[in-house]
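Asks: Take a look and give me a structure for this.
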Amino acid sequence: MPSDPLTVSLELGAALEKAGFDYAIGGALALGFWAVPRATLDVDVGVDADALRLPDLLATLRQAGCIVDFERALEAAQRGDFGVRKDGVRVDVFLPELEVARAALDRRVSVEVSGRRLWIVSPEDLALLKLLFGRTKDFADLERLFSARAQSLDIEYLERSVGELFLSGDLRRAKFEELSRELEKRRKREV
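Replies: Prediction:
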C-alpha cells in the first residue's frame, strides 16, 4: 500500500542518520514547515555523500525499503541527483555538487515531527533552491514563503547568495528582487 511523503521522509531520515549521512529534506515538505503547505507526491532530500560513499548510500536506501536501480542511480548521480521509490513514493536524492546545495546541508534545521527528529533545509536555503529550479510552481512557493516568513527571513544572506548565483539579467534574480521589494514594504507596514 502506498505511503505518504512525510512518513517516507521520517523513515528515510532515521535510516540516513543511523548510517551516518547528513541529510536535509527540501521541496514541498520543507515548505510546509516554513509557510503554507501544498500537496506533494514526492520527497526531495539532499544527502552529503561523495563518490566514495555513494555505494554505501545506495545500500542504506535499499535497506530502508527503497527500490534502487544501482546502475541507473550511479549513472544519474554523476550529474548530482538520482531517484528511488519507497512505498509507492518517489524520492529525489540530491548530492551537494553545487555550493548552494552544500550550504543547504550545512545550514539545515532540526524539527520534531510525531516525536521524531527530521532535518530540513532552512527557509533561506529553500528559497535559493526554489530560485535555482525556477519553475512556475517554485515561484509560487517563493511567494508563499516570503509571505509567511516576512519578519524572519535573513534577507542579507539571500541577497548575497542571489548575487553570487544569478547574473543581473536572469529572470530568477528579477523574481527575487521583486519579492524582496514586497517583503521590505511589508516589514515597514508591520513595524
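
Asks: And the helices in this protein?
Replies: 5-18, 27-34, 54-63, 70-77, 99-106, 123-133, 136-148, 155-165, 171-190 (DSSP state H).

Asks: between the ones you listed, which gets nearest to Thr40?
Replies: Nearest of the helices of the chain to Thr40, taken as Cβ to Cβ: helix 27-34 at 3.5 Å. Yep, even glycine has a C-beta here, placed from its N, CA and C like the rest.

Asks: For the nearest residue to Leu57 once chain neighbours are set aside, give me phi and psi.
Replies: With Cβ to Cβ, 6 or more residues apart in numbering as the criterion, Leu57 has its nearest non-adjacent residue at 4.3 Å, and that residue is Ala49. As for Ala49, its main-chain torsions (degrees, to the nearest 10) stand at phi -150, psi 120.

Asks: Count the neighbours of Ala49 for me.
Replies: Other residues near Ala49 come to 22 when the count uses other Cβ atoms under 10 Å.

Asks: can you redo the helices of the chain as JSON lines with distance to Gly83 and mean pLDDT?
Replies: Below are the helices of the chain laid out as JSON lines (distance: least, Cβ to Cβ, whole Å; pLDDT from 0 to 100):
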{"stretch": "helix 5-18", "distance to Gly83": "13", "mean pLDDT": "97"}
{"stretch": "helix 27-34", "distance to Gly83": "13", "mean pLDDT": "96"}
{"stretch": "helix 54-63", "distance to Gly83": "11", "mean pLDDT": "97"}
{"stretch": "helix 70-77", "distance to Gly83": "7", "mean pLDDT": "90"}
{"stretch": "helix 99-106", "distance to Gly83": "16", "mean pLDDT": "95"}
{"stretch": "helix 123-133", "distance to Gly83": "15", "mean pLDDT": "97"}
{"stretch": "helix 136-148", "distance to Gly83": "18", "mean pLDDT": "95"}
{"stretch": "helix 155-165", "distance to Gly83": "24", "mean pLDDT": "96"}
{"stretch": "helix 171-190", "distance to Gly83": "24", "mean pLDDT": "90"}
